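Visitor: below is the sequence, then the predicted model.
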Amino acid sequence: MAFQFEERELLACCGSTRFAREMARLSPFATYDQALEMARDIWLNNVDTNGWLEAFSAHPQIGETPANQESGMHAQWCKGEQSMAMATATASNLQELHEWNIRYKQKFGFIFIICASGRTSNEVLVELKRRYVNRPIVELEIAALEQLKITELRLAKLFKSTEVSPFHSGEHSENLKPKDERLNKIGAHITAAAPSTRTRPPITTHILDVSRGSPASGVEVVLQKWNRLEKEPSFDSAGSGDWIFQGSSVTDTDGRSGQLMPIVDHVSPGIYRISFNTRKYFPGGFYPYVSIVFKIKEDQTSQHFHVPLLLSPFSFTTYRGS
């Protein structure tokens, strides 16, 4: 089964015309994974800064819903993604969000972009204030990665809607029975990738500075996944290109990272790596960076994995938290 998408559908996933055009050119896709790999490559390597800004401008400001006259998938998805924030917002929250949105745009020249799915208004506001102090070049990169998270969630929704619309595939509906094995496999995968009722991603982390007895804030964090199913990584594969980027963030004042991956019911099984840029936090420390590698088994995909880092200038340790 092949998934054929038009440029207008892909433009609803990401407001960059170049992104939508290149994805449409590469369509059809055999699987969601293939589409996701192409989307990440196009967004990070082919779309320039102007394309990023074009995608940002397609969103309503956080805390605001699309104009009433807007319709279609993009407007529906925007409302859905902000539903938790809007449901938990008070009048004072909305006013403060509005004021900070103005300050943010005046400083950076584009609206505040965050993957708001499952986040409360307070969480969004805290993140907005935290990111406001960034340098513009740093904030542009963070916003681009948040846009990528949004795009990934919307691609999952697009595939999910296609699952019940067989004409998208180019095959006649007579040839696709409800219990078609191909549909069942794809449906199971998309269900795993689609937005969920979780309130946080399945993989999270925080850093505690044990030398000071306080959270470590401002530390860059990157999550990656090993991409070769037939072979597990070894100790000499640290720099291998087989590690696939999943997401990145910077720890907040509580030492907690932001969202490193989409909020989904079931995380893909496999081997993951969380890396911490400890050089900037401890410039004279012994460890320029720390990487923690861990494995999620097939029967653990619905569980939560909290992987903390306990750090000092000359030691670190970790454990599986809750």
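Guide: Thanks, I have it.

Visitor: what's the burial count for Ser16?
Guide: Using other C-beta atoms under 10 Å, Ser16 has 28 neighbouring residues. Every residue, glycine included, has its C-beta placed from N, CA and C.

Visitor: name the SS class of Pro288, please.
Guide: Secondary structure of Pro288, reduced to three states by DSSP: H, G, I helix; E, B strand; the rest coil: coil.

Visitor: skipping its backbone neighbours, what lies nearest it in space?
Guide: The shortest distance from Pro288 to any residue that is not its chain neighbour, by C-beta to C-beta, 6 or more residues apart in numbering, is 4.2 Å, and that residue is Arg279.

Visitor: and Ser173, what pLDDT?
Guide: Note on Ser173: pLDDT of 32.

Visitor: how much space between Pro308 and Arg18?
Guide: Between Pro308 and Arg18 the computed distance is 40 Å (C-beta to C-beta, to the nearest Å).

Visitor: show me what contacts the residue nearest to Pro288?
Guide: Taking C-beta atoms under 8 Å, 6 or more residues apart in numbering, we find Arg279 in contact with Gly285, Tyr287, Pro288, Tyr289.

Visitor: for Thr90, state which of the residues you listed is nearest.
Guide: Tyr289 (41.0 Å; C-beta to C-beta).

Visitor: buried set for stretch 256-275?
Guide: When burial is assessed from 16 or more other C-beta atoms under 10 Å, stretch 256-275 yields the following buried residues: 256-264, 266-268, 270-275.

Visitor: do the same with stretch 314-322
Guide: Taking 16+ other C-beta under 10 Å as the neighbour-count basis, stretch 314-322 is seen to contain the buried residues Phe316.

Visitor: quick check: end-to-end length of it?
Guide: 26 Å (C-alpha to C-alpha, to the nearest Å).

Visitor: nearest to Glu123, of the contacts of Arg279?
Guide: Relative to Glu123, the closest of those is Tyr289; by C-beta to C-beta it sits at 27.6 Å.

Visitor: what about the closest one, how many neighbours?
Guide: One way to gauge burial is a neighbour count; for Tyr289, by other C-beta under 10 Å, it gives 12.

Visitor: then Leu36?
Guide: Residues lying near Leu36 (other C-beta under 10 Å) number 18.

Visitor: so Ala24 is in contact with Gln4, correct?
Guide: No. With contact defined as C-beta atoms under 8 Å, Ala24 does not reach Gln4; the gap is 9.0 Å.

Visitor: for the chain, just list every one of the strands.
Guide: Per DSSP state E, the chain carries strands over the ranges 203-204, 207-209, 214-215, 220-226, 243-250, 270-276, 290-296, 305-306, 309-312, 315-318.

Visitor: so which of those gets nearest His59?
Guide: For His59, the closest of the strands of the chain is strand 243-250, at 18.6 Å, according to C-beta to C-beta.

Visitor: bridged to the residue lying closest to Ser211 once chain neighbours are set aside, which residues?
Guide: Among residues not flanking Ser211 along the chain, Ser312 sits closest, at 4.1 Å (C-beta to C-beta, 6+ apart). Going by DSSP bridges, Ser312 is paired in beta bridges with Ser315.

Visitor: what about Ser312, neighbour count?
Guide: Residues contacting Ser312 under the criterion other C-beta under 10 Å number 16.

Visitor: what does the pLDDT read for it?
Guide: Per-residue confidence (pLDDT) for Ser312: 92.

Visitor: does it touch Val210 like I think?
Guide: Yes. A contact is recorded between Ser312 and Val210 when judged using C-beta under 8 Å, the distance being 5.1 Å.

Visitor: spit out the residues that contact the two alike.
Guide: Here Ser312 and Val210 share no contacting residue, scored by C-beta under 8 Å, 6+ apart.
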